[in-house]
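Undergrad: coordinates only, sequence not included:
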């Protein structure tokens, strides 16, 4: 039983990693006032780019690099349309997510045809940290993970520090609250927004690559299966704060780990996958009704522009 | 001769179709206060936003100490020692005072303690009493302005541009601000003070630049001028004060609107209207005076139907309308010009034409065969309104957001005067308008009265009430303190009533 629980917790952090990364990226983007609603597409582009890159170069590092790049490219389309062309963020993001889904399926055929053997790479291995990993329970839960999870452990406090303790973070937070204040201080609001969206895209692209080359070692068109949207919702649940995004991501990672062990073990009938995907939204609605204090950026979703 | 600190030379600025500034030249000296005086939309803010780098000038140049300066963004303006406090503050409400002040002015990791200490020292030096750690949202408007000033001081600005700084202040805060401005100038700083209030100009300025229609109408020294001359320059014509109210309406004129014991009291709350009883005759202007927030808004909403009274009744031309909805009342000929036009009268993102038909969408005059909306008819009728009311707008398809406050109000007037065939409710109709627009609103109200309509005029400006009303009611805490006939109007007596005192004579008169 203890063994089962230890594995469950370890898997919670593993499965939570991409959700935390994506949600923190989304927190940054939304703090500047831009909802990166294309996040599902960014995840998918990352998963796709990661596999293609890793397969063609036979290097996981190159795969992750290309995943980040793919995420940035998709995010740049979203950012350009929403920030500079000032189009509706929800509509744009949804359209881009659908476009990316089609594009990835198409490009996969173009690159690999219809392969007789599945296209696979060896995914990231677990990398137990010497000494730390031999601590009972915590050693296996926290310190026997893969590189991406360790990266996440460093990334979250760093993201928190930058957002709340640095000049850059102050500018980012102000851009979503009162863009005029930022402009009057001599900083170009739209530039801040665009580059933050690019950053969020890179992080989410990396998150997407977790599913293809960090975990499964292969790519399918449905590999993301709504997890981008879950990261999007976690941003809300985590109250637009990297800490909250971390907690939210791990909670959903736990749910996913639980679902996986159910499927492997007693059978998926008890815990249907659809319910898992619906869970964050149910939670989101419950929280939206019950929560009293929000950090929601005042100008979230509102384009900024002055006549020059 | 020494070069002035800052000099704007022949600056022009064009927006899409409109000239915002034409050939504007202004000199700003160290240690002096320049008042930039003009009506709303005269181009005062625009020219200063050019100096601050928020806008780019299309023609002309800016000299600093005789040398040409390129200011293409606020960053460059700040580096040159220029700060501008916008009319609508540029503060982030959920952030602290410190965070707001250091925004964009620090690099890398923020040393919170050091920033707070230096801001606290500045605040103490000028006796502002601002806690650097307080959240801006928790501060009063006057304190928020001090935060804006602290921001400029923190940047060690040599030129302080203030856009309508007293618009949001209490009289006491205003006089403290004036003192600060004088001190700042005395210490060698330069100040540009944008305003449309003559009194402030005479109080604080060394020189006055009067702007009208985007151009400089005159540059004067305060010593050599007076309020009359400035007002004349500002408006461009001598304003004839509107008088013509205060004719007595014959007792046998038919009653238009009658309120009988109208009460509004939500459960568990203090009543916001209590036993309101009065009549307005045809062709009568019925003024309602009172300190704002004493039930005036509720009274207007009860009359136009937005709120149902919890007691009493209303009749229009003898017909009971107590239970009638808003739309029904519009069709019966009640027009309403609300005090907050942007919230209650207009949809800011829609065009002039769309706003025109907002309240009478079912009217066949907009339609082809009474069925489909006709763009041609809508445009023609809106264009007619634009011309009739002398609205400065590119056309019926322009978004109303782009118009100045006065022109927006003209569009509201145009719509409400058409739909208000019998009664028009005006709530603070001249709030936030410049003198020219105020004059137009006043003349319009009198013209409507002369056409036989009844007017309910709510205003906190006693001069306005005096100039236009035939009878005046004073409201205090949801009650009518007294109704005064025109010939018994007396500013002292009204003042007492507004403050909540009764006196026997008004009691008798109000019966």
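TA: Looks like it arrived, so ask away. Keep in mind that this is a model prediction, so the values were computed, not measured.
Undergrad: switch to C-alpha atoms for all contacts and neighbour counts from now on
TA: OK.
Undergrad: quick one: secondary structure of the closest residue to residue A:206 other than its chain neighbours?
TA: Leaving aside its sequence neighbours, residue A:206 sits nearest to residue A:68 (CA to CA, 6 or more residues apart in numbering or on different chains; 5.1 Å). When classified by DSSP: H, G, I helix; E, B strand; the rest coil, residue A:68 comes out as helix.
Undergrad: tell me the contacts of residue A:68?
TA: By CA atoms under 8 Å, 6 or more residues apart in numbering or on different chains, the contact set of residue A:68 is A:46, A:201, A:202, A:203, A:204, A:205, A:206.
Undergrad: out of these, which one sits closest to residue B:491?
TA: Of all the contacts of residue A:68, residue A:201 has the smallest distance to residue B:491: 66.7 Å, by CA to CA.
Undergrad: That closest one and residue A:95, how far apart?
TA: Applying CA to CA, to the nearest Å, the value for residue A:201 to residue A:95 is 16 Å.
Undergrad: and if you look at residue B:426?
TA: As judged by CA to CA, residue B:426 and residue A:95 stand 47 Å apart.
Undergrad: can you check residue B:146 too?
TA: For residue B:146, the distance to residue A:95 (CA to CA) stands at 46 Å.
Undergrad: same deal with residue B:369?
TA: Per CA to CA, residue B:369 is found 40 Å from residue A:95.
Undergrad: next one: residue A:214
TA: According to CA to CA, residue A:214 and residue A:95 sit 27 Å apart.
Undergrad: Which one of these two is surrounded by more residues?
TA: Between residue A:214 and residue A:95, residue A:214 has the larger neighbour count (other CA atoms under 10 Å in any protein chain shown), namely 30 against 15.
Undergrad: Can you pull out the low-pLDDT segments for the stretch 301-450 of chain B?
TA: Along the stretch 301-450 of chain B, segments meeting pLDDT under 70 are nowhere present.
Undergrad: ugh, wrong one, chain A
TA: Judged by pLDDT under 70, the stretches of chain A that qualify are A:263-273, A:276-277, A:280, A:288, A:292-293, A:306-308.
Undergrad: Any residues of it in contact with chain B? List them.
TA: A:162, A:165-168, A:170-171, A:174, A:177-178, A:180-187, A:307-308 (CA under 8 Å from any CA of the partner chain).
Undergrad: Need the buried ones from these selected in PyMOL.
TA: Applying 16 or more other CA atoms under 10 Å in any protein chain shown to those leaves a buried subset, and the PyMOL line that selects it is:
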select buried, chain A and resi 162+165+166+167+168+170+171+174+177+178+180+181+182+183+184+185+186+187
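Undergrad: Could you list which of the residues of chain A next to chain B belong to helices?
TA: Members of the residues of chain A next to chain B lying in helices (criterion: DSSP state H): A:162, A:165, A:167-168, A:170-171, A:174, A:177, A:180-184.
Undergrad: What is the three-state secondary structure of residue B:483?
TA: Under three-state DSSP, residue B:483 falls in the strand class.
Undergrad: now it: how far from chain A?
TA: Using CA to the nearest CA, to the nearest Å, residue B:483 is found at 46 Å from chain A.
Undergrad: Report the contact partners of the closest residue to that residue other than its chain neighbours.
TA: Nearest residue to residue B:483 in three dimensions, chain neighbours excluded: residue B:473, at 4.1 Å (CA to CA, 6+ apart). By CA under 8 Å, 6+ apart, the contact list for residue B:473 reads B:286, B:287, B:288, B:289, B:480, B:481, B:482, B:483, B:484.
Undergrad: Wait, a helix at residue B:473?
TA: No. Membership of residue B:473 in a helix is not supported by three-state DSSP, which gives strand.
Undergrad: Pull out the buried residues from the helix or strand where residue A:65 lies.
TA: Element membership of residue A:65 [criterion: DSSP states H and E] is helix A:60-79. For helix A:60-79, burial by neighbour count (16+ other CA under 10 Å) applies to A:60, A:62-79.
Undergrad: circling back to that earlier point, go ahead and build a ChimeraX selection from the buried members of the contacts of residue B:473.
TA: Those of the contacts of residue B:473 that count as buried under 16+ other CA under 10 Å are selected in ChimeraX with:
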select /B:286,287,288,289,480,481,482,483,484
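Undergrad: farthest-separated two in the contacts of residue B:473?
TA: B:286 and B:481 (14.7 Å).
Undergrad: okay, now the residue in the stretch 201-350 of chain B positioned nearest to chain A: neighbour count?
TA: Across the stretch 201-350 of chain B, the shortest distance to chain A (CA to the nearest CA) belongs to residue B:349, at 13.5 Å. Residue B:349: 13 surrounding residues under other CA under 10 Å.
Undergrad: And it, how far from residue B:414?
TA: Relative to residue B:414, residue B:349 is positioned 19 Å away (CA to CA).
Undergrad: List the buried residues in the helix or strand hosting residue A:198.
TA: Assessed by DSSP H and E, residue A:198 sits inside helix A:189-209. Burial within helix A:189-209, assessed by neighbour count using 16+ other CA under 10 Å, is assigned to A:189-190, A:192-209.
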